[in-house]
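**Student:** What follows is a predicted structure for the sequence shown.
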Amino acid sequence: MEQRKFYEAKSHLSEFYGIDLDNDVFETYALHAWDKINNKIYRFYTYTGRVKNFKLELPCNADIIESIQVSGESVGTTNAVADNYAYNESSLIEEHIENRRYNSSPYYSRGHYIDHERSGNSLIFKRDNFNVSVLYKGIITDEEGLPSLNYKEIEAIAKYCVYVDTFKKAMMTKDQSTMQISQLLKQEWLIACADARTPIFITQNDMDKILDVQSSWDRKRFGKSYKILR
């Protein structure tokens, strides 16, 4: 799927609707529409760092944290009494399973989840001086640092800009006919927004993953980290 520059939506707005907005105004409207469409295209990133002073600074492009893990597989036990032999045996089994794992996602990480809190662009932990692996999502952008778009998103964003611009004029002039036109444009924007949320194309690999989820035999077990990316 070809991704296009964000400002192509501004050209589309001018060519098809005859509206030329100031760049700052256009970005405000367009980013609001893009956020409402919520078709954010992310790329997965992995980052390994060491916790110092109970804190880990995240990379600047970290937007959504998917998982934070430390080395060593989580081991569940049904024994209420501390039993080092049973624990070590279970740990060896889990490590053996991990060593034989194949065809995993390139972003799959070994280890188990750890509790944390996020404060700005930092992660706060309850203990100190250890390494953690962070799996996070960063938005794919164009050369100007703005989100990349597909053709359906460009059309939807242009219609949102037309609707907001017309509605703003109606509110300022108190003109009833302009207000009615803005409500019609709002309906067109909502239709275009729903259409933009629909994938342009689903590959056979994507469909296979969807069907795998529906027929998965693997389930979450108490005390053991359940990893979505496998």
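**Tutor:** Ah, there it is.
**Student:** Kindly state the domain boundaries assigned to this structure.
**Tutor:** Residue ranges for each domain of the chain read 8-40+144-196, 42-139, as given by automatic domain parsing.
**Student:** between those, which gets nearest to D212?
**Tutor:** Each of those has some distance to D212 by CB to CB; the shortest is domain 42-139, at 11.6 Å. C-beta: built from backbone N, CA, C; applies to glycine.
**Student:** can you give me the end-to-end distance of that closest one?
**Tutor:** Terminal residues of domain 42-139 lie 4 Å apart, using CA to CA, to the nearest Å.
**Student:** What distance do you get for E57 to V51?
**Tutor:** Here the criterion is CB to CB, to the nearest Å. By it, E57 lies 10 Å from V51.
**Student:** Could you check which of the two has the larger neighbour count?
**Tutor:** Set side by side, E57 and V51 show unequal neighbour counts under other CB atoms under 10 Å, the larger going to V51 at 20 against 12.
**Student:** Report the contact partners of that one.
**Tutor:** The contact partners of V51, by CB atoms under 8 Å, 6 or more residues apart in numbering, come to 123, 125, 127-132.
**Student:** And the residues you listed, which is closest to G111?
**Tutor:** Out of the contacts of V51, the one with the shortest distance to G111 is V132. That distance is 8.6 Å, counting by CB to CB.
**Student:** Dump whichever strand or helix holds S11 to PDB, restricted to CA.
**Tutor:** Per DSSP states H and E, S11 falls inside helix 8-17. Coordinates of the C-alpha atoms in helix 8-17 are reproduced here as PDB (Å, rounded to 0.1, in the frame of the first residue of the first chain):
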ATOM      1  CA  GLU A   8      -1.200  16.000  -0.200                       C
ATOM      2  CA  ALA A   9      -4.500  16.300   1.800                       C
ATOM      3  CA  LYS A  10      -4.100  20.100   1.600                       C
ATOM      4  CA  SER A  11      -3.600  19.900  -2.200                       C
ATOM      5  CA  HIS A  12      -6.700  17.700  -2.400                       C
ATOM      6  CA  LEU A  13      -8.600  20.200  -0.400                       C
ATOM      7  CA  SER A  14      -7.600  23.100  -2.800                       C
ATOM      8  CA  GLU A  15      -8.100  21.200  -6.000                       C
ATOM      9  CA  PHE A  16     -11.400  19.500  -5.300                       C
ATOM     10  CA  TYR A  17     -13.100  21.900  -2.900                       C
END
